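*Asks:* Any chance you can model this:
(4 chains)
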Amino acid sequence: MDLSYSPEYEQYRIELREFLAAYWPVRDHAGTPAEATAEFQRRAIEREYLFRHVPRKYGGSEQAPDFLKNEIIREEFRRAGAPADPLHMGIQRIIPVLLQWGSEAQRDFFIPGTMTGEYYWSQGYSEPDAGSDLAAVRTTAKLVGDRWIVNGQKIWSSNAYKARFMNALVRTEPEPRHCGISYLIIDLHQPGVEIRRIRQITGESEFCEVFFNDAQAPADWVVGGRGNGWEVSRTTLRHERSGFGSVYWLDTLLRRLIVLATDTRRGGRRAIDEPGLRREMARIQARIMAMRFSAYRDLSMEAAGEPSGDYLQMQKLYLTDTIYQIDRVARELLAGDFLLATPGEGRDGRKGSVKWIEHSLNNLKIAIAGGSSNIQRNIIGERVLGMPKDFVGKLPREARPTEAVV
Amino acid sequence: MDLSYSPEYEQYRIELREFLAAYWPVRDHAGTPAEATAEFQRRAIEREYLFRHVPRKYGGSEQAPDFLKNEIIREEFRRAGAPADPLHMGIQRIIPVLLQWGSEAQRDFFIPGTMTGEYYWSQGYSEPDAGSDLAAVRTTAKLVGDRWIVNGQKIWSSNAYKARFMNALVRTEPEPRHCGISYLIIDLHQPGVEIRRIRQITGESEFCEVFFNDAQAPADWVVGGRGNGWEVSRTTLRHERSGFGSVYWLDTLLRRLIVLATDTRRGGRRAIDEPGLRREMARIQARIMAMRFSAYRDLSMEAAGEPSGDYLQMQKLYLTDTIYQIDRVARELLAGDFLLATPGEGRDGRKGSVKWIEHSLNNLKIAIAGGSSNIQRNIIGERVLGMPKDFVGKLPREARPTEAVV
Amino acid sequence: MNFRLNEEQRQLQHAIRRIVGDPDRHRQRRAVVDGAANYDTTLWCELCEFGTFGIVVPEDLGGSGLKLVELALVAEVLGAAGAPVPFLGQALATIAVLHGGDDDQRARWLPGLASGRISATVALSEDADSWGPADWRIAAADEHITGRKINVPSCEHPYLLIVGLEGGGLGVVESTAPGLQINAMDGIDLTRPLSSVEFDRTPVVVLTHGQAAARRMMDAACVLLAADAFGGASRLLEMTRDYALTRETFGAVLAERQAIKHQLANVALEVEPTRGLFWFAAYAFDDWTERASEAALLAKALTSEVYLESARMCTELHGGIGFTWEFDAHIWLKRAMFDFAWGATPDHLFGRAADLAEW
Amino acid sequence: MNFRLNEEQRQLQHAIRRIVGDPDRHRQRRAVVDGAANYDTTLWCELCEFGTFGIVVPEDLGGSGLKLVELALVAEVLGAAGAPVPFLGQALATIAVLHGGDDDQRARWLPGLASGRISATVALSEDADSWGPADWRIAAADEHITGRKINVPSCEHPYLLIVGLEGGGLGVVESTAPGLQINAMDGIDLTRPLSSVEFDRTPVVVLTHGQAAARRMMDAACVLLAADAFGGASRLLEMTRDYALTRETFGAVLAERQAIKHQLANVALEVEPTRGLFWFAAYAFDDWTERASEAALLAKALTSEVYLESARMCTELHGGIGFTWEFDAHIWLKRAMFDFAWGATPDHLFGRAADLAEW
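*Replies:* Purely as a prediction, here's the structure:
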């Protein structure tokens, strides 16, 4: 157990700092800011700081996994305000899938454009009557000659309106449930595709519905083989498991909560001086500390080739609960500003409140998206505690005993 | 909606006060205190204040149900410190069952002795492998000539060690589950009965295990007919539903919590002056108020012959949660005294803490006894919200789909 | 003594339910949420015609001489319906004049308020952290006021503004008065928009018994918001129960999953008992005044907290659809946010109740 | 950098697990709970022989020169086992002398403490509401003390008592000293009994670096109790999971009911992350001292709270059997009560952590 970095890593950090000091922000660049950033990123890839998991032949820096280096890179890029690895879906999820399951041709075609940001992706898993139940997919793809003909509807596809490709689960085989599903890439820029943005309760429209009406995809755009879509998609989901991203985010939220509590007055005193509130914030601090070091432990074990601990399977739900605890403190501090979509109107010093209201609604999204909290509890109960799976839905409806409700 | 008492009831209260002033405490009585109390109770029955639901022929005062009079009697007896209707199991549960289901002979034989306290009862429902699942009863009674021969074991029978009779659920018929069960009265003072007290985590031994080894009961001690035990027992359970008893109890607990918070110092100040603690106590006060007036509503509706509301079905779980909230505040106030089975040792002014520790352990009993909290949630989900019953346990084990745990 | 609704009260709720249950009302609520209208003016007219705001006004002043209980029962139904009408401001303004006006003032305004001919609202808080009489800083000098109020429940054409004044009294400003400026605020609850109001040497009529009336009005605000919260929470629970009974995932409807059944049971467990609480608070307002403030504070604090927690859980149980604008759940979620924060948050109210109890 | 156990640490836990896993130990724990014995003296001897209390003592003083992490890993296993041995007092006394003694004092006592030949405990709090150095009121006058300490973890024959003194320092009292009286208190946790101690002009040796040591000792107490709490909570969770997998009611095992599966998942969700928390607190004690106090306070506060809540839920899920003395669950429930309250409750510790953070 050692939280200090070895000299090798300290040296790595020093070199990285020197690199950042030299190249970020980009100075004296003739082109647009975007071009300047792109140039910086090319340099960072060259120096093996970015796209570490992508092979060189596709433009990555092809480094062995090293969560310490990832941590150092993340910390130092944050400190410098430099653009690190893009976090959007294409890069976080598609590239690993293509690297594991894709054909050589698929990798060559999709990875470079994805890395440069030219190809933006949207995920097509959920359907109106399926929700988290991916095995209930009803969108079909039929092979006609050398084209898949796709019909059906996807929902909750993030940012599909600005994406070029969709990685979709579609039903290609006659087998029932998840046996008949394939992982198919679909070009969204074609006549058979209609995209409708879904307005969220926050007023934003990040999610989309995507309608396929005889949309087409080349026969060889199935990833991982026909009927293997279920397995391929589970690979992807595993990549959702991030290391410390959420901990940094919580650090920031707690800091902002402290500012809010310091700026708020209650009964003539600073709210932050009230013992009950201080305790609540310390409890949140304790949970963040627990998250950070539990993740360190599990990732250290993985890095050492040991079976990792149970924490990473619980991380999402623990995060959800912690976020909600923060919200409960914040909403009391906001007081009258909790009434407003853009609070602080007409008062000074509490502009930050704007984001708290968004936060208050968005933490519902956290509870719902990426596997609802109840699904997380099933996972913990079944995978961590080894309790039996529910069979309620597995049973044909006619086989379910019924009894009149009292 | 009217919380004032009509003149008729106010007059009733005045007369009751006069009665209590005249006869309680009993003055100049020659006998023992118990005899004095018995004499007072006889007078109170004569004046129709006690045993109102018991017919005169069995020694009761045979009054129509009137929850307002019950309230007034309860309030005034409390105020005077006079012994009201005994609350032990025999009187609260057996008498109503016998009145509804018993034969004339059973009523004549059991009710008078039960009322005088001569016959003390213990309930025999649960069994070691049945818990709350009464339909899984395995204790058998076989009719041999004019006697039932009882074999088996009961558990969680309150105070069986000092009871004369047990009202037991026993299996008398070949039908499965709850169809084969009868409600049988068993004399516990006989050789075939062995009683073992169960020590609780509080150190007390209120509950017992009762073993039947060819114990006997007269053929006509089945109440409500053979095979009807399930229905008879459900009648009884309905009588557990009390009106305001729990509210008075919570009033007392909150008052004691306030004393504890007033006597405790934190960081040089009275704990009760801390805003966070005051809020917690006010929240408890709000819940008690909600309980009181929700019960008033449902009982008023019942009294008016309307279908009653949903609150009474939720009362037990709401009470359990409220009690636990009180405990959570108390345990922080007790601080170091929370370590001690008999706190206050060597310090003044906090003798009351003794009971808080018992309370802290006993509120677990509340969550478990009389239908566990999970069973309460099933009841609310099914009876109040009309959601389907669970069928997990209804399905033969071989019919349950299995799937390897991931 | 009895604690149940009488026949008239049941008929009152039934009548209001019929009014808000019209499919046109649902369409209009959606139109308001989508920004196509500010209020449901048809509903407003129907409520006025029904005599909603005359409920607590004496018969000789054009009302029906009932009590806050009846008004709270209406508030419950409107809360359940998510009704986009400026009920709160009108009701509180009426109560303010009723309790604060002298005979002339009452005669001048109450008949109009009761019929809805005079629309009105209340302007109380001056910053985000305070609401009550002790915090009001706008002083009436020479029958004029200058200053700013925020989080004012708006109505399309408010004719009267009841303004909280320094010292805890109340003033009446007519909207035609000079030096008055009303600006919309960006409220989170689109069914109950808010405004800020600027006064610049604006003429004001001080209510003669304003200080006593202000305390009564604050109590009434708590009761009416608690009633709204109970109605809204019950409605969301019902919606979610119905959704759980039909929505199928992984081969079963949600309601067949015990975990979800228990989550909804827990919501019901918190919501249902608050009915007795707001009933008592409403009852005490008129008939047990020594306990009125305590009951009002506790009712608003507990019920609005329960509403917000329930709304979150119910929205969550709907899954992705619950997070969409198109689906109605967020209307009540945001009404829950309003009920939580308007007139002070639960923390604040619980604290005041503890002070009242003299612990 | 890595944050996992090394081979030696794993072997250490394995060895202690083997010692406490002996069926005789379970029998002896039961005997203690049933009042037939005060401690498990066999276990105590085995732990001493194993060198448990020498873990943090330098090698030249008879220890193995390891760190608090190793001692906390032992505390975790003892907590899981519900071990009825006076570990806490001995460990804290050793740490007090280690950090507070001058060379002579360390040489005089540490070898005996390390081997267990000298048994010892700590006498800190003087009333129910305070534990820390700032609250100590017993003053050493002319190398003698008079006063009373309570909630002292007892051992059968304590030879040394480390006593918190006015000004925040520490004194050492030998149990053979005159004017010393030890009385049993009626502790709720029968596996870790408590005493009160009266001093009447009792000779004391003041530890030379006592003030610094006192703060270190309080941090160590938090870490060791957090470790105990994590171990105990994990054990109860495992017991309850196993019970749920076998206990059949209404035709199904408990684990087949989704509501129960989720309740246990919620317990696991709270318990598991506290492992990283107490590890970090133990690590920081030696290797990141600027963060040691903050981490220790937060670890004890959160973990002991989680332990108590988990213990209640696990006991409840056992149904009636969980409420019986005969069944073991209450042993851990009462240990959870001990860990919650000894050395200050979570509220108090969270408050101090907030102060440290200078919010």
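*Asks:* Tell me where the stretch 301-406 of chain A has helices.
*Replies:* With DSSP state H, counting those that start in this stretch as the criterion, the stretch 301-406 of chain A has helices at A:311-334, A:353-368, A:373-379.
*Asks:* burial measure for the closest residue to chain B within the stretch 51-200 of chain A, as a count.
*Replies:* The nearest approach of the stretch 51-200 of chain A to chain B comes at residue A:177, 11.8 Å away (C-beta to the nearest C-beta). For glycine as for every other residue, the C-beta is placed from the backbone atoms N, C-alpha and C. Residues lying near residue A:177 (other C-beta atoms under 10 Å in any protein chain shown) number 15.
*Asks:* just residue C:11 next, same as before
*Replies:* Neighbour count of residue C:11, defined by other C-beta under 10 Å: 11.
*Asks:* mind checking which helix or strand whichever residue of the stretch 51-200 of chain A sits closest to chain D is in?
*Replies:* Nearest to chain D, among the residues of the stretch 51-200 of chain A, is residue A:68, at 5.6 Å (C-beta to the nearest C-beta). Element membership for residue A:68 (DSSP states H and E) is helix A:67-80.
*Asks:* Give me the mean pLDDT for that helix.
*Replies:* Mean per-residue pLDDT for helix A:67-80: 84.
*Asks:* by contact count, what packs against it?
*Replies:* Judged by 3 or more C-beta pairs under 8 Å, 6 or more residues apart in numbering or on different chains; DSSP states H and E, the packing partners of helix A:67-80 are helix A:7-23, helix A:275-303.
*Asks:* mind redoing it with 10 Å?
*Replies:* On a contact count with 3 or more C-beta pairs under 10 Å, 6 or more residues apart in numbering or on different chains; DSSP states H and E, helix A:67-80 meets helix A:7-23, helix A:245-263, helix A:275-303.
*Asks:* Spatially nearest residue to residue C:25, not counting backbone neighbours?
*Replies:* Distances taken as C-beta to C-beta, 6 or more residues apart in numbering or on different chains place residue C:43 nearest to residue C:25, at 5.7 Å, with adjacent residues excluded.
*Asks:* okay, now the domains of chain A?
*Replies:* Following automatic domain parsing, one gets these domains for chain A: A:7-85, A:106-229, A:241-371.
*Asks:* before we move on, back to that, with mean neighbour count added, can I get the helices and strands packed on helix A:67-80 in a markdown table?
*Replies:* Formatted as a markdown table, the helices and strands packed on helix A:67-80 follow (neighbours: other C-beta atoms under 10 Å in any protein chain shown):
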| stretch | mean neighbour count |
| --- | --- |
| helix A:7-23 | 14 |
| helix A:245-263 | 17 |
| helix A:275-303 | 23 |
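*Asks:* Which of the ones you listed sits closest to residue C:87?
*Replies:* Smallest distance to residue C:87 across the helices and strands packed on helix A:67-80 (C-beta to C-beta): 31.7 Å, for helix A:245-263.
*Asks:* could you point out which element follows that closest one?
*Replies:* Next along the chain after helix A:245-263, with elements defined by DSSP H and E, is strand A:265-266.
*Asks:* Okay, now the sheet partners of that next one, with direction.
*Replies:* strand A:269-270 (antiparallel) (DSSP bridges).
*Asks:* any residues touching the partner strand, and which ones?
*Replies:* For strand A:269-270, contacts defined as C-beta atoms under 10 Å, 6 or more residues apart in numbering or on different chains pick out A:261-264, A:277, B:275, D:359.
*Asks:* repeat for stretch A:23-34
*Replies:* With contact meaning C-beta under 10 Å, 6+ apart, stretch A:23-34 is reached by A:35-40, A:43-44, A:47, A:77, A:80-83, A:117.
*Asks:* now residue C:173, what's its secondary structure?
*Replies:* strand (DSSP: H, G, I helix; E, B strand; the rest coil).
*Asks:* near chain B, which residues of chain A show up?
*Replies:* A:234, A:266-267, A:269, A:274-280, A:332, A:379, A:381-383, A:385-396, A:399-406 (C-beta under 10 Å from any C-beta of the partner chain).
*Asks:* which parts of the lengthiest helix in chain C are buried?
*Replies:* Criterion DSSP state H: the longest helix present in chain C is helix C:210-246. Neighbour counts over helix C:210-246 (16 or more other C-beta atoms under 10 Å in any protein chain shown) mark C:210, C:213-214, C:216-237, C:239-241, C:243-244 as buried.
*Asks:* before we move on, what about stretch A:173-181?
*Replies:* A:178, A:180-181.
*Asks:* Same check on stretch A:139-151?
*Replies:* A:139, A:141, A:147-151.
*Asks:* Of the helices and strands packed on helix A:67-80, which shows the lowest average pLDDT?
*Replies:* Across those, helix A:245-263 gives the lowest mean pLDDT, at a mean of 88.
*Asks:* In terms of secondary structure, what does it contact?
*Replies:* helix A:67-80, strand A:269-270, helix A:275-303, helix A:311-334, helix A:353-368.
*Asks:* With just CA atoms, put that helix into PDB.
*Replies:* Extracted C-alpha coordinates of helix A:245-263, given in PDB (Å, rounded to 0.1, in the frame of the first residue of the first chain):
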ATOM      1  CA  GLY A 245     -13.800  10.700 -13.200                       C
ATOM      2  CA  SER A 246     -16.800  10.800 -10.900                       C
ATOM      3  CA  VAL A 247     -14.600  11.500  -7.900                       C
ATOM      4  CA  TYR A 248     -13.100  14.600  -9.500                       C
ATOM      5  CA  TRP A 249     -16.600  15.700 -10.400                       C
ATOM      6  CA  LEU A 250     -17.800  15.200  -6.800                       C
ATOM      7  CA  ASP A 251     -14.800  17.100  -5.500                       C
ATOM      8  CA  THR A 252     -15.900  20.000  -7.700                       C
ATOM      9  CA  LEU A 253     -19.500  19.800  -6.500                       C
ATOM     10  CA  LEU A 254     -18.500  19.700  -2.900                       C
ATOM     11  CA  ARG A 255     -16.300  22.700  -3.300                       C
ATOM     12  CA  ARG A 256     -19.200  24.600  -4.900                       C
ATOM     13  CA  LEU A 257     -21.500  23.500  -2.100                       C
ATOM     14  CA  ILE A 258     -19.100  25.000   0.400                       C
ATOM     15  CA  VAL A 259     -19.100  28.300  -1.600                       C
ATOM     16  CA  LEU A 260     -22.900  28.200  -1.600                       C
ATOM     17  CA  ALA A 261     -23.100  27.600   2.100                       C
ATOM     18  CA  THR A 262     -20.500  30.300   2.800                       C
ATOM     19  CA  ASP A 263     -22.500  32.800   0.700                       C
END
